[in-house]
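Novice: Let me see the structure of the following:
(2 chains)
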Amino acid sequence: MKTIRVGLAGNPNTGKTTIFNALTGSNQRVGNYAGVTVEKKEGRVVRGDTEIVVWDLPGIYSLTSYSIDEMITRDFILDERPDVIINVLDATNLERNLYLCLQFVELGLPVIGALNVIDQAESMGIRIDEKRLGELLGFPIVRTVGPRGKGLDHLLDRVEAVHDLWRSAAAAPASGRSAPRRSPGLDEPGRPTGAPIHLPVYSHQVESAIRAIGDLLESDSGFAAVNPCHWLAAKLLEKDANARQRLAAHPARQVAEAEIDRHIRAIERESGRDAEIVLSEQRYAWIHGAVREAVSKVEAPQPLTEKIDAVLLNRFLGLPIFLGILWLIFQATFTIGAIPQGWLEQLFSWMGDGVRQLVPPGLLQSLLADGIIAGVGGVLSFLPLVVILFMFISILEDTGYMARAAFIMDKFLHLFGLHGQSFLPMMVGFGCSVPAVMAARSLKSPRDRIVTILVIPFMSCGAKLPVYVLLAGTFFSAWAGTMVLAMYVIGIFLAMVSALIFRKTVLRGLSTPFVMELPPYRTPTARGILRQVGDKSAQYFKKAGTVILAAAILIWAITTFPAPPENAPGDPITYSVAGQIGKAIEPAFKPLGFDWKIAIATVTGFAAKEVVVSTLGVLYSVDDKNAITEGDDAEAPLRVALRADPAYNPLVGFTLMLFTLVLAPCFAAQATIRAELGWKWLGFYVAYSILAAWGLCFAVYQIGRLLGLGA
Amino acid sequence: VTIIDLKQGDEFRIRGVTLSHEIGKRLADMGFTAGARGTVVRSALLGDPLQIRILGYNISIRKAEAAGVEVELLTGEIA
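Specialist: Next comes the predicted model:
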């Protein structure tokens, strides 16, 4: 059986992922928000005795090295050398789509254009003669209508045919695939469309510069074996940083660099422009010529998208509509989600009771019921909220609205060194930091992504809410709701200020340009939405099964061991590791008005905010700790106990709420930050959150006392 | 004249991108090349960023970048 390795590439929002799913039937998400497929996805099709392996590459616009997605794609192509590239082309937007396609041809790879969204283009009056276009561009172009799977068989026929053409060309003498410049030109008689080709894209000056530099690089056979030298030459003329790095491995690097700089200067002198722009312009000019001959109408208005934008992006209506949509999503998430959340809580409570009846009292019962079921259950009961929230977010992404939201919010966020696209992950942060940190992948610049991830935990997540509710209800009964809201507002404020601080210190540098496509509005498909929701829920579920499980066991262990000596007075937890840590760090917490009990709660709260309430419950209501955590009425004893403790007063209550807000949310969120940014940034974040929490609470408590609030 | 001198609804033809390095290259990659025609569709609430229509699609860029795209006005008047 022979195998053909295919890279599926294309601009974002071209329906590439839909084609991938139709081809391979694999699990994959479809999105409108730029670049949702950061992971490398692989699928297989078997046709007769041929196996076709397809990789779904990230949606990109060009092969520079300015974004993670572009680097992933170029590294994949340079390292893996796929046999064929299928480039999905949006028929409503051919020129910009062909710009990427052309770069794959320049790389010396067999390319097939898959013309997508063709029905929409035709309804707009765009007529494309794809056969003629293919002849003019030198590679075959096939019609595909993604969702209905039309034309896909034909596409795979062409993949096999083109693969065979290139194989026989490589076998023939004097035209290897690694040397595109020796490939025949477009006007070569009898050349079948799809065979190796050298396209006359550039001006004579640029062309000869590419040849001179490429030949120079190729003179080292070791370097030429792993680098497509003439493509690299063009990239070097474009001053590409990644290409310069690759050049470092060349023995004649200094000679080459001098030669490159000389050519760049000559091109810039001749054109009066920067060389990197000259090459882009010549590519676009060449595409423009071909498209003008084979396409009846290149640009057409999109009346529906324009009408919707006239309302949703209206200068004065845009922001209120956006805030209204947000409000509706949160209302729906928390009111609808509360119902299945209640069922799950009930289920885990039954499971806990069941374990207590089946397993004899002792360590095992305590580990299962109080540790694992209570800990994992507490997190899993948020799953319905995550599912509903992500369903709405998927709809916003797939319709194309998310890019509009970034457009509306960009100015405001930019003031604080954030980016329009930071908004979505920050919004998700109100639900849970774990999916929010993952959602920050849609930010293309590493610096923007890091800032966004570092401030996400300031968005009060669902697990902080019970802590706010308990403390606000206990100490500010008349205006408890206002105090809870105040916590959310303070969180947003801290996020903005922190973003500004990071931008001025550790993440200094020019702000990333905000160049973002506003894709046409499209109707989301139920399958696409379900796939995304399924993927995200599975990731959340996996986290609960691994990190949270480990955290739950750890918290249980440090609050249980070592066991107190016989007949020891006081609560057993005071003898445990957590209790000892609490006592040990009490001096550090004294200036914040916290005694050792609160110190213990903050220690366990570092692992998961849900357990702050249950830890306080354990510490204050020794007899029946279940009565504290179940239901609103049952919470009353804890409130009474807290009010009765002289260590507490409204100022301490407020300070503890603030501490809960600022301190790192939970182990799961910390593990996600580590997975996305690495240990170094996780360490920085944890240190920052501890210092900020302590510093702010110190200031609030001390100033409050001076003002006589702590009495 | 650059894009920021234009007002909503103005059509333009690009004369050249004066920004270099990353941002100039990115704009060129997205189709902001000499001779390309575009329209200023609208701006966001505080006048920034701008929505531009070019090569038949919509793109959002900030004023800071728009100021580096030199154009000639095809319709309308300069604000």
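
Novice: what about the strands in chain B?
Specialist: Ranges of strands within chain B are B:11-17, B:37-43, B:50-54, B:57-61, B:69-73, based on DSSP state E.

Novice: and the angle from the third one to strand B:37-43?
Specialist: Following axes from the mean of the first three to the mean of the last three CA atoms, to 10 degrees, one obtains 150 degrees for the angle between strand B:50-54 and strand B:37-43.

Novice: follow-up on the earlier one: Throw the strands of chain B into a markdown table and include mean pLDDT and mean neighbour count, thanks.
Specialist: For glycine as for every other residue, the C-beta is placed from the backbone atoms N, C-alpha and C. Converted to a markdown table, the strands of chain B look like this (pLDDT from 0 to 100; neighbours: other CB atoms under 10 Å in any protein chain shown):
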| stretch | mean pLDDT | mean neighbour count |
| --- | --- | --- |
| strand B:11-17 | 92 | 19 |
| strand B:37-43 | 93 | 20 |
| strand B:50-54 | 95 | 22 |
| strand B:57-61 | 94 | 25 |
| strand B:69-73 | 93 | 18 |
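
Novice: of those, which approaches A:Gln365 most closely?
Specialist: strand B:57-61 (58.4 Å; CB to CB).

Novice: returning to what we had before: out of the strands of chain B, which comes closest to A:Ala169?
Specialist: Ranking the strands of chain B by proximity to A:Ala169 (CB to CB) places strand B:57-61 first, at 35.6 Å.

Novice: So which elements touch the closest one?
Specialist: If you count contacts as 3 or more CB pairs under 8 Å, 6 or more residues apart in numbering or on different chains; DSSP states H and E, strand B:57-61 packs onto helix A:401-415, strand A:516-518, strand B:50-54.

Novice: which stretch among those comes nearest A:Ser576?
Specialist: It is, among those and with distance given as CB to CB, helix A:401-415, at 44.2 Å.

Novice: List the buried residues of stretch A:446-453.
Specialist: By 16 or more other CB atoms under 10 Å in any protein chain shown, the buried positions in stretch A:446-453 come out as A:447-453.

Novice: Tabulate the helices and strands packed on strand B:57-61 in JSON lines, adding columns for distance to A:Gly25.
Specialist: As requested, the helices and strands packed on strand B:57-61 are arranged in JSON lines below (distance: least, CB to CB, whole Å):
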{"stretch": "helix A:401-415", "distance to A:Gly25": "27"}
{"stretch": "strand A:516-518", "distance to A:Gly25": "29"}
{"stretch": "strand B:50-54", "distance to A:Gly25": "37"}
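
Novice: which ones are touching the residue nearest to A:Ile529 when sequence neighbours are not counted?
Specialist: Nearest residue to A:Ile529, sequence neighbours excluded (CB to CB, 6 or more residues apart in numbering or on different chains): A:Ser394, at 4.7 Å. Neighbouring residues of A:Ser394 by CB atoms under 8 Å, 6 or more residues apart in numbering or on different chains: A:31, A:524, A:528-529, A:532-533.

Novice: The same query, at a cut-off of 7 Å, please.
Specialist: Shown in contact with A:Ser394 (CB atoms under 7 Å, 6 or more residues apart in numbering or on different chains): A:529, A:532-533.

Novice: Need the distance between the two termini of stretch A:414-432.
Specialist: Terminal residues of stretch A:414-432 are spaced 24 Å apart (CA to CA, to the nearest Å).

Novice: To A:Gly545, which of the helices and strands packed on strand B:57-61 lies closest?
Specialist: Closest of those to A:Gly545 is helix A:401-415, at 29.3 Å (criterion: CB to CB).

Novice: list the helices and strands the closest one packs on?
Specialist: helix A:318-358, helix A:423-428, strand A:516-518 (3 or more CB pairs under 7 Å, 6 or more residues apart in numbering or on different chains; DSSP states H and E).

Novice: hmm, the shortest one touching chain B?
Specialist: What that stands for is strand A:516-518. Yes - counting by CB under 7 Å from any CB of the partner chain, chain B is contacted by strand A:516-518 at A:516-518.

Novice: Just give me the residue closest to the centre of chain B.
Specialist: B:Ile3 (4.5 Å; CA atoms, centre = their mean).

Novice: Might one say that that residue is in contact with B:Glu70?
Specialist: No - in this structure B:Ile3 lies outside contact range of B:Glu70 using CB atoms under 7 Å: 8.5 Å.

Novice: What's the separation between the residue nearest to A:Ile529 and chain B?
Specialist: Between A:Ser394 and chain B the distance, using CB to the nearest CB, to the nearest Å, works out to 22 Å.

Novice: Leaving out chain neighbours, which residue sits closest to residue 41?
Specialist: I went with chain A, as the question did not name one. Ranked by CB to CB, 6+ apart and with sequence neighbours excluded, the top spatial neighbour of A:Lys41 is A:Asp56, at 4.1 Å.

Novice: Oops, wrong one, chain B.
Specialist: Using CB to CB, 6+ apart, the closest residue to B:Val41 is B:Gln51 (4.2 Å).

Novice: my read: the one you found touches B:Asn58, true?
Specialist: Yes - B:Gln51 lies in contact with B:Asn58 (CB under 7 Å); the separation is 5.9 Å.

Novice: Many thanks, I have nothing further to ask.
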